[in-house]
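Peer 1: after the sequence you'll find the predicted model.
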Amino acid sequence: MRELSLNILDIITNSVEAEATRVILVIEEWQTRNLLRVRIRDNGRGMSDDLMSRVLDPFVTTRTTRSVGMGLSLFRQIALSTDGDLVLQSALGVGTTVTVDLRLNHLNRPPLGRISDTVVNLAIGALDVHFYYIHHTESGRMIFDSFRLFGYMEETGCGLYQTIVPMKEKIQRQLKAIHSSAL
Amino acid sequence: MKTLEDLRAIKEKAKKEMAAREKTAKYRISVAMGTCGIAAGARTVMSAMLDEISKRNVENAMISQTGCLGYCDQEPMVQVTGPDNNTITYGKVTAEIARRIVSEHVLGDAVVSSYVFKQG
Ligand SMILES: Nc1ncnc2c1ncn2[C@@H]1O[C@H](COP(=O)(O)OP(=O)(O)O)[C@@H](O)[C@H]1O
Ligand SMILES: [Mg+2]
């Protein structure tokens, strides 16, 4: 995958499939520490210690349709290639946290890419899940809360699908605002 | 500024509206969003569909994402379930085909037959 925002979509899709009702995505960009940290926390069904110990192996999946699981191990390989790592924390019945550290300025680090597409596709495509997306840089912080979508629908009288374009534009504007002084 | 309680109430309301929409929606669209699907372009496909749906003001459909369907070589895949509960599965969908699925299948009731991978 050429964009980290695609790996993020993949990892959050695991959360949706694990029946999470709340997913929090936090992205931290620290130039001074040469660190890009992506953390995804869900309240889904969680993993047993046994599954967790095997799940970073690309040949592990609980699927019955095929024998290879890939999402987590793929993201881990990318992190490792930038001298970073992927760490899993999970408890059955409680939830799962995936933390991925990448060296921000490493040559192998893929760009974040269209994170607004990832977030909006999830907000619309998994409507029952409450998403938060928080992004920190040295210049500031932005928060997207998928509940706001419903507030916006009520305020404007717009249909659900009429919120897509304004939502994407808003995220892009907010991201620009917390990157401007770093540019 | 709305409180979390307000937002929760709004979400409940919207959820009810969505449930109603799901019942009345003529077509239910789902985009397969497993690892293979995403690697093959499923996000671009979904974005193109959302764009087309919002541009054409589509009111008779619901779109959601699903996980892997188990046919990795056919990704990106899109399923459209019609009023008779008959499901058409499209394979190797591009952004352009995705837009055609919205305009021809969902709005025009005509299956985009050259890209059908599975029927029924
Ligand atoms: N957030 C999560 N909550 C619960 N289980 C998970 C989560 N993420 C991954 N898993 C488990 O780990 C397995 C491997 O995940 P992944 O590497 O994404 O491959 P795949 O989704 O293709 O099986 C999944 O099949 C699932 O059983
Ligand atoms: Mg997965």
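Peer 2: Looks like it arrived, so ask away. Ligands and ions are numbered 1, 2, ... in the order given.

Peer 1: then the lengthiest helix in chain B to CSV, C-alphas only?
Peer 2: As assigned by DSSP state H, the longest helix anywhere in chain B is helix B:4-24. Only the C-alpha atoms of helix B:4-24 are listed here, as CSV (Å, rounded to 0.1, in the frame of the first residue of the first chain):
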residue,chain,number,x,y,z
LEU,B,4,-22.3,14.6,24.4
GLU,B,5,-25.8,13.9,25.5
ASP,B,6,-27.3,16.1,22.8
LEU,B,7,-25.1,14.4,20.2
ARG,B,8,-26.1,11.0,21.4
ALA,B,9,-29.7,11.9,21.1
ILE,B,10,-29.1,13.2,17.6
LYS,B,11,-27.3,10.0,16.7
GLU,B,12,-30.2,7.9,18.0
LYS,B,13,-32.5,9.9,15.8
ALA,B,14,-30.3,9.6,12.8
LYS,B,15,-29.9,5.9,13.4
LYS,B,16,-33.7,5.5,13.3
GLU,B,17,-33.8,7.5,10.1
MET,B,18,-31.1,5.2,8.7
ALA,B,19,-32.9,2.1,9.7
ALA,B,20,-36.0,3.5,8.0
ARG,B,21,-33.9,4.3,5.0
GLU,B,22,-32.5,0.7,5.0
LYS,B,23,-36.0,-0.7,4.9
THR,B,24,-37.1,1.6,2.1
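
Peer 1: specify the local secondary structure of B:R28.
Peer 2: Under the three-state scheme (DSSP: H, G, I helix; E, B strand; the rest coil), B:R28 adopts strand.

Peer 1: for the one 3 residues further on, same thing?
Peer 2: Under three-state DSSP, B:V31 falls in the strand class.

Peer 1: the strands in the chain, which residues?
Peer 2: No chain in the question, so chain A it is. A:22-30, A:35-42, A:85-91, A:95-103, A:130-137, A:140-145 (DSSP state E).

Peer 1: that's the wrong chain, I wanted chain B
Peer 2: Using DSSP E, strands in chain B cover B:27-32, B:61-66, B:78-81, B:87-90, B:116-119.

Peer 1: now do the buried residues in the longest helix of chain B.
Peer 2: B:7, B:10-11, B:14, B:18, B:21 (16 or more other CB atoms under 10 Å in any protein chain shown). The way it works is simple: take the backbone N, C-alpha and C, and place the C-beta from them, glycine included.

Peer 1: can you put the residues you listed in JSON lines and add pLDDT and distance to A:E155?
Peer 2: Supplementary listing: the buried residues of helix B:4-24 in JSON lines, determined by pLDDT from 0 to 100; distance: CB to CB, whole Å:
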{"residue": "B:L7", "pLDDT": "70", "distance to A:E155": "12"}
{"residue": "B:I10", "pLDDT": "71", "distance to A:E155": "10"}
{"residue": "B:K11", "pLDDT": "71", "distance to A:E155": "14"}
{"residue": "B:A14", "pLDDT": "68", "distance to A:E155": "12"}
{"residue": "B:M18", "pLDDT": "73", "distance to A:E155": "18"}
{"residue": "B:R21", "pLDDT": "73", "distance to A:E155": "19"}
